[in-house]
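Trainee: Provide a 3D model corresponding to the input given below.
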Amino acid sequence: MSSSVGAHAQPLLAKLQDLADVEHARKEQTNVAVAQAEQALADAREAQRVATERHSAATAAVTAAADYFSKLDVGTSPDDVPADSGPTQTPSQSTAAPGRPVSHLILDVLELGHITPLTSIYEGVLRLRPGTSGGAIRGSLTKLHQSGAVEIVSRGVYRLLVIPEGYEADT
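Mentor: Reported below is the predicted structural model:
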């Protein structure tokens, strides 16, 4: 406070300064509360993202298990699906796939970022190339996983992470 202010005004100015100090402290408290709320919101959004991803994986696992058990009910397993059990092939499907690597057929079936049950991969590859062995599909999936192109989300559930170099889509 300035010494030029009269003695009778100093108590009023001191009271106003106290009021300003109290309001400054309240402002700081609300800034802290806002920062905490923003952090809580960010944490909640991350928890929501994780929960959504886990729900998708769980749903895909249920679908894969249901497909697996339905095949067991009729006496087959996903590894033993006969070549003629798939849908009828169109001429373009049967002539386009024979010269392509099995890994490319798998990539044709998978969608970037989507979760795909193993049974759907088998069905898709067999639709593109009837007679492809389960071992060839499993081996190619293993190589795609080792290269980092495919992620194993859970048992029997895969996700395409990147399109590998050298892959040419079936046209």
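Trainee: Let's test this: mean pLDDT of stretch 56-68, rounded?
Mentor: For stretch 56-68, mean pLDDT is 77.
Trainee: Can I get that stretch in CSV? Just the C-alpha atoms.
Mentor: Output of stretch 56-68 as CSV, limited to C-alpha atoms (Å, rounded to 0.1, in the frame of the first residue of the first chain):
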residue,chain,number,x,y,z
SER,A,56,-14.5,-57.2,-28.9
ALA,A,57,-11.9,-59.8,-28.1
ALA,A,58,-14.3,-61.6,-25.8
THR,A,59,-17.1,-61.5,-28.3
ALA,A,60,-14.8,-62.9,-31.0
ALA,A,61,-13.6,-65.6,-28.6
VAL,A,62,-17.2,-66.6,-28.0
THR,A,63,-17.9,-66.7,-31.7
ALA,A,64,-14.8,-68.8,-32.3
ALA,A,65,-15.7,-71.2,-29.5
ALA,A,66,-19.2,-71.5,-30.8
ASP,A,67,-17.9,-72.3,-34.3
TYR,A,68,-15.4,-74.8,-32.9
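Trainee: Now do the buried residues in that stretch.
Mentor: Buried residues in stretch 56-68, defined by neighbour count with 16 or more other CB atoms under 10 Å: 60-61, 63-64, 67-68. In short, each C-beta sits where N, CA and C put it, glycine included.
Trainee: so can I have TSV of these showing distance to Tyr122?
Mentor: Output for the buried residues of stretch 56-68, formatted as TSV (distance: CB to CB, whole Å):
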residue	distance to Tyr122
Ala60	15
Ala61	16
Thr63	13
Ala64	11
Asp67	9
Tyr68	11
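Trainee: Give me the pLDDT for the spatially most central residue of the chain.
Mentor: For the chain, Glu53 is the residue whose C-alpha lies nearest the centre (CA atoms, centre = their mean; 5.4 Å). The model reports Glu53 with a pLDDT of 79.
Trainee: Got phi/psi on it?
Mentor: phi -60, psi -40 (degrees, to the nearest 10).
Trainee: And for Glu165?
Mentor: Backbone torsions of Glu165, given as degrees, to the nearest 10, read phi -60, psi 150.
Trainee: what does Val162 give?
Mentor: Torsion angles, degrees, to the nearest 10, at Val162: phi -140, psi 150.
Trainee: and it, how many neighbours?
Mentor: Per other CB atoms under 10 Å, the neighbour tally for Val162 reads 14.
Trainee: and the gap between it and His145?
Mentor: Counting by CB to CB, to the nearest Å, the gap from Val162 to His145 is 12 Å.
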